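>>> Below: sequence and its predicted model.
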Protein chains: 2
Amino acid sequence: MDFAAHRFAAGGYHPTSVAEIVQGLGVGKGVFYWYFSSKEELLAEILREAQLDLRRAQRAVIAGEPDPVRRIEMGIRSSIDWLDANRHLATLFQFAATETRFAPILRASQELTHNDLTQHVKDGIIDGRIRDADPAILTLAILGVVGNLTRAFLATERARADEVADTAVAFCLQGLLGPGQA
Amino acid sequence: MDFAAHRFAAGGYHPTSVAEIVQGLGVGKGVFYWYFSSKEELLAEILREAQLDLRRAQRAVIAGEPDPVRRIEMGIRSSIDWLDANRHLATLFQFAATETRFAPILRASQELTHNDLTQHVKDGIIDGRIRDADPAILTLAILGVVGNLTRAFLATERARADEVADTAVAFCLQGLLGPGQA
DNA sequence: CCATTGCTTGACCAGCTGGTCAAGGGTTCC
DNA sequence: GGAACCCTTGACCAGCTGGTCAAGCAATGG
């Protein structure tokens, strides 16, 4: 499954044939269809497992932190770390979002992450630490920053993951202008 | 070409066959290969034209504005408007980024946009209006916000384009915390 | 009136796809 | 021993793919 994920990410899902996967694994085709009902289900399984793992990483890091703003920060950092360590899966997420067949699979888990994060944003607004704006939109903005920064920066190896995380956190918290500006 | 772009976005590039496109257009297959040398080149052409159009929209709006921060804001707004009006193309961009064959086509134009935006960020830093951080990273963060907000929000019709743009601009400028906070 | 040119057609092709299945190991248990 | 079970094999298949091409059509120009 791990091998298949790498092949899909490298060559694209459709262009990568089942024959190619089983050949690379040195097994017969039958064994593939013994464990997976279809090629489609294989990718679905890969996606589900990856999302579960990402969420696990986020939760583990956030668990002990009471402050909502810090929780958001930790979430951002752990996500970037995970996406850095699993770039091929990040690519698959991106692809899956463009295909009507796989998009629903992503949505389920993304909604959970989204809700968690939105809750922290709401908490921050209640505490007066985060400015009063639609929490859902702020959440999407944060996820956008994380996603794009990871994609662009880590794909080209221009910086270390923790440096990218530092800048991402600073941007999400302070924006372009920084504290003390209109 | 417009019809093909819609089909690709709706059904995915690979699953959409040339036969399907020409049938939907009510023409023979030969005419397709008279105008395009391959299916791959069709998508490449669609992508190139779309990127050109997006850039044109950005440039037109920014032209008369001297203030770098306002330029950035106008750029964000025009991008969101364009992506809103051409959602299917936004989907294709996202797909193209995941395929090694098409990614280079995107990169060329994206680099131009990236450089333009980075220049405005640099100007803002020199003016002291934008806090001192790596302009390239800030640029990527902005593009991430715009991209994700557009994708998530406009795809589900949860808000009007100009509302999304307002929030995007506010987030990029002030972040979560807003002015006057550490 | 015919030749040339530019476009259009759709039957056709080789190649590859996801998926099937009869056949054959290896273990385990009686 | 042998039967039952689980796993594995790879030849095989129908269906569809991107792409070709001989043939035909309409307009133009001489």
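Cool, the structure landed.
>>> Now do the same for A:Ala182: its pLDDT.
In this prediction, A:Ala182 carries a pLDDT score of 39.
>>> quick one: least confident helix or strand in chain A?
helix A:155 (a mean of 70; mean pLDDT, DSSP states H and E).
>>> where's A:Glu45 relative to B:Phe8, distance?
According to C-beta to C-beta, to the nearest Å, A:Glu45 and B:Phe8 sit 26 Å apart. Yep, even glycine has a C-beta here, placed from its N, CA and C like the rest.
>>> And A:Phe36, by the same measure?
According to C-beta to C-beta, A:Phe36 stands 27 Å off from B:Phe8.
>>> Please identify which of the two sits among more neighbours.
Taking other C-beta atoms under 10 Å in any protein chain shown, A:Phe36 and B:Phe8 do not tie; B:Phe8 has more neighbours (25 against 17).
>>> Quick one: residues contacting the more buried one.
By C-beta atoms under 8 Å, 6 or more residues apart in numbering or on different chains, B:Phe8 lies in contact with B:16, B:43, B:46, B:88, B:92, B:95.
>>> for the helix or strand containing A:Thr139, packing partners?
When elements are assigned from DSSP states H and E, A:Thr139 belongs to helix A:135-149. Where contact means 3 or more C-beta pairs under 8 Å, 6 or more residues apart in numbering or on different chains; DSSP states H and E, helix A:135-149 is packed against helix A:68-85, helix A:103-126, helix A:161-174, helix B:135-149, helix B:161-174.
>>> Could you point out which of the ones you listed sits nearest A:Ala152?
With C-beta to C-beta as the measure, helix B:135-149 is the member of those nearest A:Ala152 (4.8 Å).
>>> does chain A sit close to the next helix or strand along the chain from the closest one?
Once the chain leaves helix B:135-149, the next helix or strand it forms, by DSSP H and E, is helix B:155. No. Under the criterion of C-beta under 8 Å from any C-beta of the partner chain, helix B:155 makes no contact with chain A; the nearest approach is 9.5 Å.
>>> quick one on the thing from earlier: contacts with DNA strand D among the contacts of B:Phe8, please.
Within the set of the contacts of B:Phe8, contact with DNA strand D (C-beta under 7 Å from any atom of the strand) is found for B:Thr16.
>>> Could you check which residue of chain A lies nearest DNA strand D?
Nearest residue of chain A to DNA strand D: A:Gly30, at 1.7 Å (C-beta to the nearest atom of the strand).
>>> Now the terminal residues of stretch A:90-107, how far apart.
End-to-end distance of stretch A:90-107 (C-alpha to C-alpha, to the nearest Å): 15 Å.
>>> List the buried residues of that stretch.
A:90-99, A:102, A:105-106 (16 or more other C-beta atoms under 10 Å in any protein chain shown).
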